[in-house]
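Peer 1: would you be able to build a 3D model of this:
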Amino acid sequence: YSGGATCPSLLLEPSRTNLIVQSEYFGSSYWTKSGASVVSGFTSPEGLSNAYKLVEDTSTGGHQIFRRIVVTATDNYASLYAKPSGRDWIVLYDTYRDQGRYFNISTGVIGGVYRFAPVSEFIEPFQNGYYRIGIGVTSSTIDYQLQVLLADSDGGAVYTGDGTSGVFIYGAQIESGSYPTSYIPTYGVSQTRAADSCLLNNSSALPTAYPFTLYSESIIKSIGSEVLMSFLNTSDNVSYAAIITSSGVPSLNARSSSSDVSLVSPDSVAEGVVKIVGVFESSTLKLFVNGALKASISNTTTFQSGWNDLLVGQLRTITDTGSRTTNKQTIIFPTALSDLDAEILTGATT
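Peer 2: I've put the predicted structure just below:
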């Protein structure tokens, strides 16, 4: 949970397993060192003395630490926390897929390709001078060898070491999925994080009548059918107000026991960030997408007294197997936003 006076937030993630069983204990024989050694007792991103320093020796060649594991999925993401200690450049590399990338953990810059390019990569700053870096790879092979190499420059992973330089490392993770999630620590066995869900249940703060406005800023990662948010009673699967995308087409749905009104955008959206506002009034529904009014229709539904729950990323908590998406921000307003306000909120007008 990230608090704040303006817009607090929750980190809600799918279930993932860290397949690295020694994610912090780099001194273990679980990790193979070549041209390098490790020293324990350094401050980690969490402020404890549980990070290691990967130290190069004086040989000419690669200076590295690595671990081979077996994965069962084709999409996998490897990540690591790192901080400079004489070396600014580091490489994350999957030996079996021959894909890697240089990262500058002093400036936060993603450098060149090591061997062949991974499908994706990221670098982001963390506490105590660390960066979290990661690469995503896709392959049909089941072997995955995570290799962490020191480098003396962008493109210089083979060099003569000085015997003292290196980087601090912490929190290695390999997870099956096409994007990274938060760190899952392990201490001898793999660990699985349960899937998160977001439900505001029986809230007296939610609207109790028309009008109201729903807002969703989401990241569409693949074009499919997703419920972005819904205002409803979670025990009732036939009455709700919701923002939905189907085959990339945004829509609003207002459904009561006596009527069902659907408002569909004439335009589809591509993968990436999409901002949608649905204005629900007793006589009218309006749909705004990425800064523009896309459609308007008469509303023939009646507000349901049992609507006192708000779900993010799903339609209901019972018998719901619909697709999910990543929601950056979800807001419900107990009023009808004006057209101008809706356009500003969804991003076209400044």
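Peer 1: what's the burial count for P207?
Peer 2: Counted with other C-beta atoms under 10 Å, residues neighbouring P207 total 20. Bear in mind the C-beta positions are built from the backbone N, C-alpha and C, glycine included.
Peer 1: give me the element it is part of.
Peer 2: Here P207 sits in a region with no helix or strand, counting by DSSP states H and E.
Peer 1: list the contacts for it?
Peer 2: Shown in contact with P207 (C-beta atoms under 8 Å, 6 or more residues apart in numbering): F231, W307, I332, P334.
Peer 1: any stretches of the stretch 251-350 of the chain with poor pLDDT?
Peer 2: 314-325, 348-350 (pLDDT under 70).
Peer 1: please enumerate the helices of it.
Peer 2: Under the criterion DSSP state H, counting those that start in this stretch, the stretch 251-350 of the chain contains helices at 339-345.
Peer 1: OK, contacts around E121?
Peer 2: L92, R101, F103, I110, I133, G134, I135, G136.
Peer 1: for it, helix, strand, or coil?
Peer 2: Following DSSP: H, G, I helix; E, B strand; the rest coil, the label given to E121 is strand.
Peer 1: for it, name its beta-bridge partners.
Peer 2: E121 has these beta-bridge partners by DSSP bridges: I135.
Peer 1: need the contacts of E121 in TSV (columns: pLDDT, distance to F116 and neighbour count).
Peer 2: TSV is the format used below for these (pLDDT from 0 to 100; distance: C-beta to C-beta, whole Å; neighbours: other C-beta atoms under 10 Å):
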residue	pLDDT	distance to F116	neighbour count
L92	98	13	25
R101	98	10	24
F103	98	16	29
I110	98	15	13
I133	98	17	26
G134	97	17	22
I135	97	11	27
G136	94	13	21
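Peer 1: re the thing from before, the contacts of P207: which two are farthest apart?
Peer 2: W307 and P334 (12.1 Å; C-beta to C-beta).
Peer 1: which residues do these two both contact?
Peer 2: In contact with both W307 and P334: L206, P207, using C-beta under 8 Å, 6+ apart.
Peer 1: quick one, which of those two is more surrounded?
Peer 2: Set W307 next to P334 and count neighbours by other C-beta under 10 Å: W307 wins out with 21 against 12.
Peer 1: which ones are touching T301?
Peer 2: By C-beta under 8 Å, 6+ apart, the contact list for T301 reads A254, R255, S256, S258, S259, D260, V261.
Peer 1: mind checking how far it is from Y240?
Peer 2: Counting by C-beta to C-beta, to the nearest Å, the gap from T301 to Y240 is 10 Å.
Peer 1: overlap of the contact sets of these two?
Peer 2: R255.
Peer 1: a markdown table for the contacts of P207, including distance to V158?
Peer 2: Shown next, in a markdown table, are the contacts of P207 (distance: C-beta to C-beta, whole Å):
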| residue | distance to V158 |
| --- | --- |
| F231 | 58 |
| W307 | 64 |
| I332 | 56 |
| P334 | 63 |
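Peer 1: strands - which of those residues land there?
Peer 2: Under the assignment DSSP state E, the contacts of P207 contribute F231, I332 to strands.
Peer 1: which one among the contacts of P207 gets closest to R87?
Peer 2: Using C-beta to C-beta, the contacts of P207 come closest to R87 at I332, 49.1 Å.
Peer 1: and that closest one, how many neighbours does it have?
Peer 2: Neighbour number of I332 under other C-beta under 10 Å is 20.
Peer 1: same question, S239
Peer 2: Neighbours of S239 (other C-beta under 10 Å): 18.
Peer 1: wait, it touches S259, no?
Peer 2: No - if you go by C-beta atoms under 8 Å, S239 and S259 don't touch, sitting 10.1 Å apart.
Peer 1: before we move on, the earlier item: make a markdown table out of the contacts of E121 and add distance to F288.
Peer 2: Below are those laid out as a markdown table (distance: C-beta to C-beta, whole Å):
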| residue | distance to F288 |
| --- | --- |
| L92 | 41 |
| R101 | 39 |
| F103 | 39 |
| I110 | 35 |
| I133 | 37 |
| G134 | 35 |
| I135 | 37 |
| G136 | 33 |
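Peer 1: assign L228 to helix, strand or coil.
Peer 2: L228 is classified as strand under three-state DSSP.
Peer 1: show the contacting residues for it.
Peer 2: Contacts of L228 by C-beta under 8 Å, 6+ apart are S216, S218, A242, I243, I244, T245, I276, V312, G313, T325, N327, T330.
Peer 1: and the last one, bridged to which residues?
Peer 2: Beta-bridge partners recorded for T330 (DSSP bridges): S216.
Peer 1: tell me how many other residues surround it.
Peer 2: 21.
Peer 1: ok, it to L200 distance?
Peer 2: From T330 to L200 the distance is 10 Å (C-beta to C-beta).
Peer 1: over to the second one?
Peer 2: For S218, the distance to L200 equals 17 Å [C-beta to C-beta].
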